[in-house]
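*Asks:* pasting a predicted model and its sequence here:
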Amino acid sequence: MAIAEPPVVQAEPPPPPTRRSARAITWARRRRAVAAHWRVYRRNRQGMWGLAILLIFIALALAAPLLVDERRLEPAFSTGIPFQPPSADAWLGTDKFGRSMVDLLVYGARISLLVGFTATVGTMLIGSVVGIAAGYYGGRIDALLNAFTNWFLVLPWIVLAIVLASLLGATLFNIILVIAITSWAGTARLVRAQTLTVKERPYVERARALGAGDWHLITRHILPNVFPVIFANTVLTVALSILSETTLSILGLGDPNSVSWGVIIEESFSSGALTAGYWWWLIPPGVCIVLVTLAFTMCGYALDEILNPRLRER
Amino acid sequence: MRGVRRTAAAAIALGVIAALVSSGTALAQSPTESPQEKVVFDVGVDSDITGLNPFNLCCGPDYEYLELVYDLAIGFSREDLSPAPRIVTEWTPSEDSMTWTMKVRDDATFHDGTPLTAEDVAFTFTLISKYKMPFYKDYFPFDPTFEVLDPTTVVWKSTEPTFAPEIPAYAPVLPKHIWGRFDTVEGTPSADEAKEVRKAVKEFENNPPIGSGPFRFEEWKKGQFLRFSFNDDWWGGDSKTIDEVVIRVYDSDEAMVQALRSGEIDFAEGVSPPLFNTLKNDPNITTHIADGGCWGNIAYNFGGQGETATNHPAIKDLRVRQAIAHAVNKQEIVDRVYQGTAVVGDSILMPGKNGFWYTDIPTELEYPYDPAKANQILDDAGYLDTDGDGVREMPGGGEPLNFEVMTITDVEGSVDTGRLLKGYLQEIGIGVKFITVNTNKAYDLWYTGEWDIYVWDWCPDPDPDFMLSVFTTDQCLGWSDGCYSNPEYDKLYEAQQRALDRNERKAIIDQMQLMIAEQLPVMVLNYWSDLQAYRSEWTGFRPSPNVENGLLLFGYTTVDTYLELTFASEQAPGTGASPGLPAWVWIAVAGGVVVVIGGAIAARRRRVEDEA
């Protein structure tokens, strides 16, 4: 079976006759691999659309302080009329404090993406460590970690997340923590499976016979081969993390002092936007969430197709 | 009282899950079907009761439950909230006001058929005062004893002259044959013995609760509803129309308002301001803005709560508190947070609920909104921004004025007021770090003192004694907000407790209100409204107290109102078709929520299945 090596699109040019260090050779190979992957990715229309949407939102989030006067987001300093429908002054209307929805959405992108990325890093770290440890060491460690992973997998995550969030309190950091804690199990499973196949390969055995230690094997041979799977998974996990943050915020467990898209929706809901018909307060953040989640998912599936050999063979 | 509140803390997480799990089924599951001829009055509330034990009550609909099932010894007149006969029909002091003779009515029976006598009244009072039961003990000052002369006479013997028996104790008359087992200590209990009894009493489940009130307890489905049936044997008369009262718990105000519009409930209690404004135009619904009897405030932590207290030293400086008072725009908070439904407040007693006792605070003690003056005060006091980061430091440099502000998610307006406060304080060079928690956690932090300022509320009794006691030194780690201590105030508090003449007492209480307004252990921001709405086919409501903004239900002794309600139209109540939002909107919204939550779960599951 093929492994997660880059697809060879063209025959490699013969190596130049000069002697190069091993490191330079490795880096050159990696650069070529990335370039090759990028060529495949570019052909994936779904992936390119996702990437485009994503870049727009990331640019908005990064440029937010330039586009929006942060002071206007402070309820005490907002000068707008509350509950105003879309108009020339406020393109998407205003919220209960008279703040412009456009300002809120731009700043909301910052928080939502921040939570999405940070929570994902946490998820990936926990998931990879548990998965590699279980897969590599096997035996009793595997049994123990696997039981632990299964326990988290079968537990309805929303219930666990609600309990944790209400016990820890509503701060942004806690929300990130809760998402990371409740969503690593799937990643761990995946990484463990990949580790199991990688560690049986002949070159791993050879390396071991040459006296390579656990640390060397894991960092030099297992991790590089498991990494593509982790990476494709990461992109999908970001979408889920953003969605999780939204869900928790809508349930009133988010940080009400921050401006994330989920918090905006929760606020509109608790202020009776639905009954009063303030659609401009409810729909735009919802659309933003859908777009970003969709974009991440599209990118994720595109990457999955490239990096997951089993999918590519089909 | 700390113990009581702590026990609730563990339950919150489970409560949230229960609410979530049940939210889907709440609408589908109705109370056990009652025969057709029964008239059910459905009341919507947005939080469930804490429990059935009267010693564990805290908030929300707890007190409505209490008054439905139990009788108070002395009640409140619905005219002006003055003491009114209930189980105790007469109370007469001796010449020296040391001995009060109380007449107990002879026609009251408990729901299990046992007659209610003077024994039960004396037992209830004894249980509370002997073991210093939290919530109720302050109604029985100076270690009184209670003697039963005959089945209709109780004598309250005080160790000092007192008017306390005349203040209606907001405590239920408990059946001695049920609660008697907790009175285990002969004579005066030691501190440890009393503690043990308190613990045992608080742990009692009290299900089903047996009282003597106008309604019998039928069932309680946690997170869903409470059902009560009219007590035919009630001493106070018959019910005109209503056979049953059902209190339904809604997870959100939005759902509650929709239920009112569709006729699923007849009365909605505590509607949030923006939703209330949308109800005003509905022809089938009558809206009512009542004096909520509570005031929103910011309170300061003076330290003294314990080793982990993290209060900021600048808080103790009166000039800092005065500057903050000048920086806060009370009117804007009323307009923006409460959408104009609250009223700007000034004193710790309320013009409506406390009527006679309230004192209008003179403008100079109200520290009117004036950020320039606030900055001036801080500059003069030496709090300067020496490092130019926009935040002032303590005089002579050092700790910056960054305050930890606790806001509470389930207290209406607390979080939003906090957010406005942050802006106001930013204008005068004070930084804010939020601690935003739910009520249960807030109680924990309150007692450990890990905060500088909090945004919360107080709901005083009609008699001012309790509210005034909150600011005494003795209440540190009791009801005190942040262990404010002022010996002068303490003296006045004791003096008003001993003042037997009403006008003499009023003069002292005026002085106390001015003192709090000036010293600012708390800053009164606004007097809240309780926004109530009901289906217009019901008539017979009358506000209590009898002023335009009295409470219709959920007030002092307003349970009697249930018995007087009738419905005007031919139509049976609760079946009226109402415009409101069409059902599909709700289905769409519910669907949307399901998609968001379900989508996340499904995506996870799919991912796992794909790759496992």
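*Replies:* Yep, that arrived.
*Asks:* which regions of chain A lie under the pLDDT threshold?
*Replies:* Filtered on pLDDT under 70, chain A yields the residue ranges A:1-19, A:308-314.
*Asks:* how about the closest residue to chain A within the stretch 351-500 of chain B, secondary structure?
*Replies:* As assessed by C-beta to the nearest C-beta, chain A sits closest to residue B:423 within the stretch 351-500 of chain B, at 2.3 Å. Any C-beta I mention is one placed from the backbone N, CA and C, and that applies to glycine too. What DSSP: H, G, I helix; E, B strand; the rest coil gives for residue B:423 is helix.
*Asks:* residue contacts, the closest residue to it other than its chain neighbours?
*Replies:* Closest residue to residue B:423 apart from its sequence neighbours, by C-beta to C-beta, 6 or more residues apart in numbering or on different chains: residue A:76 at 2.3 Å. For residue A:76, the contact set (C-beta atoms under 8 Å, 6 or more residues apart in numbering or on different chains) comprises B:329, B:332, B:419-424, B:426-427.
*Asks:* check residue A:103 too.
*Replies:* Residue A:103 touches A:68-69, A:72-73, counting by C-beta under 8 Å, 6+ apart.
*Asks:* measure residue B:511 to residue B:313 for me?
*Replies:* 29 Å (C-beta to C-beta, to the nearest Å).
*Asks:* over to residue B:273?
*Replies:* From residue B:273 to residue B:313 the distance is 37 Å (C-beta to C-beta).
*Asks:* more crowded one of those two?
*Replies:* Applying other C-beta atoms under 10 Å in any protein chain shown to residue B:273 and residue B:313 shows that residue B:273 carries more neighbours, namely 22 against 13.
*Asks:* residue A:45: neighbouring residues, count only.
*Replies:* The burial count for residue A:45: 10, using other C-beta under 10 Å.
*Asks:* host element of the residue in the stretch 251-400 of chain B positioned nearest to chain A?
*Replies:* Closest residue of the stretch 251-400 of chain B to chain A, C-beta to the nearest C-beta: residue B:275 (3.7 Å). Assessed by DSSP states H and E, residue B:275 sits inside helix B:273-279.
*Asks:* what's that helix in contact with?
*Replies:* Applying C-beta under 8 Å, 6+ apart, the contact partners of helix B:273-279 are A:96, A:271-273, A:275-276, B:253-254, B:257, B:260-261, B:271, B:285, B:287, B:289, B:338-341, B:531, B:533.
*Asks:* identify each buried residue in it, please.
*Replies:* Neighbour-count burial for helix B:273-279, counted by 16 or more other C-beta atoms under 10 Å in any protein chain shown, picks out B:273-279.
*Asks:* now stretch B:394-401
*Replies:* For stretch B:394-401, the neighbour count (16+ other C-beta under 10 Å) marks B:394, B:400-401 as buried.
*Asks:* narrow those residues to those in strands?
*Replies:* Judged by DSSP state E, the buried residues of stretch B:394-401 include no members of strands.
*Asks:* format those residues as a markdown table; extra columns: distance to chain A and pLDDT.
*Replies:* Converted to a markdown table, the buried residues of stretch B:394-401 look like this (distance: C-beta to the nearest C-beta, whole Å; pLDDT from 0 to 100):
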| residue | distance to chain A | pLDDT |
| --- | --- | --- |
| B:394 | 25 | 93 |
| B:400 | 19 | 93 |
| B:401 | 17 | 94 |
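*Asks:* what's the closest of those residues to residue A:134?
*Replies:* Nearest to residue A:134 among the buried residues of stretch B:394-401: residue B:400, at 47.9 Å, using C-beta to C-beta.
*Asks:* surely the closest one touches residue B:386?
*Replies:* No. Using C-beta atoms under 8 Å, residue B:400 makes no contact with residue B:386, being 9.5 Å away.
*Asks:* tabulate the CA atom coordinates of whatever helix or strand comes next after the helix holding residue B:275 in PDB.
*Replies:* The helix or strand immediately downstream of helix B:273-279 is strand B:285-300, counting by DSSP H and E. Extracted in PDB, the C-alpha atoms of strand B:285-300 (Å, rounded to 0.1, in the frame of the first residue of the first chain):
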ATOM      1  CA  ILE B 285     -52.200  40.500  25.800                       C
ATOM      2  CA  THR B 286     -52.200  43.000  28.600                       C
ATOM      3  CA  THR B 287     -48.900  44.200  29.700                       C
ATOM      4  CA  HIS B 288     -48.100  45.500  33.200                       C
ATOM      5  CA  ILE B 289     -45.000  47.300  34.400                       C
ATOM      6  CA  ALA B 290     -44.700  46.700  38.100                       C
ATOM      7  CA  ASP B 291     -42.300  48.000  40.700                       C
ATOM      8  CA  GLY B 292     -40.000  45.100  40.900                       C
ATOM      9  CA  GLY B 293     -39.000  45.800  44.400                       C
ATOM     10  CA  CYS B 294     -35.300  45.400  43.700                       C
ATOM     11  CA  TRP B 295     -32.500  47.800  43.000                       C
ATOM     12  CA  GLY B 296     -29.500  47.200  40.800                       C
ATOM     13  CA  ASN B 297     -26.200  48.400  42.200                       C
ATOM     14  CA  ILE B 298     -22.500  48.200  42.100                       C
ATOM     15  CA  ALA B 299     -20.900  47.200  45.400                       C
ATOM     16  CA  TYR B 300     -17.400  47.500  46.600                       C
END
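*Asks:* I'm done for today, thanks for sticking with me.
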